[in-house]
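Asks: For reference, the sequence and a predicted model appear below.
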Amino acid sequence: PIEYGFYFAIGVGGFMLGSLSSGRFSRRLGAERLIVVGTALVALGGSLMAALAWAELYAVAAIILPYAVLLVGVGILMPLAMAGALANFPHCAGSASSLLGFIQMTGAAVVGALVGQLHDGTPRVMAFAIGLAGLATLASYLGLVRRRPRTVPDACSEGTPP
């Protein structure tokens, strides 16, 4: 139990480092640049974990260290993604925030159920799911964020703010 707590703290420390970095450097480096850094860390950490699992390296460090890298990226991305998602919809920020949370939790539930069904007694399935999620984050950035229009039409109230 004590070792688990230390390992868990490594991941939490990564998330905290990313979140603090996001707040501290967003004005200096800009949100766009930090989103690129966060996305790259998420893809790197997830891919590294999947690659180590593919090589059947199941040591604790092979899971925890890539996961900590991934969580640094998640810590950077989460506040910036939420701010970016809500920026164009200030008059319906509650609805937009709820929808974003619903999408995140639904995705997590689906992936969690799949990992549970496909579990083979090793960390391989979990690592592959995390690796795919990391690559999906990168694909989302490349396909959606980099190509987004500079102005977004209002989808909350048919073009008329309250």
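Replies: Received it, and whenever you're ready, just let me know what you need.
Asks: in which helix or strand would I find the nearest residue to residue 119 once chain neighbours are set aside?
Replies: Spatial nearest neighbour of residue 119, excluding adjacent residues (CB to CB, 6 or more residues apart in numbering): residue 125 at 5.4 Å. All C-beta spots, glycine's among them, are computed from the backbone N, C-alpha and C. In the assignment (DSSP states H and E), residue 125 maps to helix 124-140.
Asks: Show me what that helix is packed up against.
Replies: helix 31-54, helix 60-87, helix 93-118 (3 or more CB pairs under 8 Å, 6 or more residues apart in numbering; DSSP states H and E).
Asks: between these, which one is nearest to residue 1?
Replies: Between residue 1 and those, the tightest spacing by CB to CB is seen for helix 60-87, at 14.2 Å.
Asks: just checking, what packs against the closest one?
Replies: Partner elements for helix 60-87 (3+ CB pairs under 8 Å, 6+ apart): helix 2-29, helix 31-54, helix 93-118, helix 124-140.
Asks: So which bits of it are buried?
Replies: Under the neighbour-count criterion of 16 or more other CB atoms under 10 Å, helix 60-87 has 62-81, 86 buried.
Asks: If anything else comes up later, I'll come back, but that's it for now.
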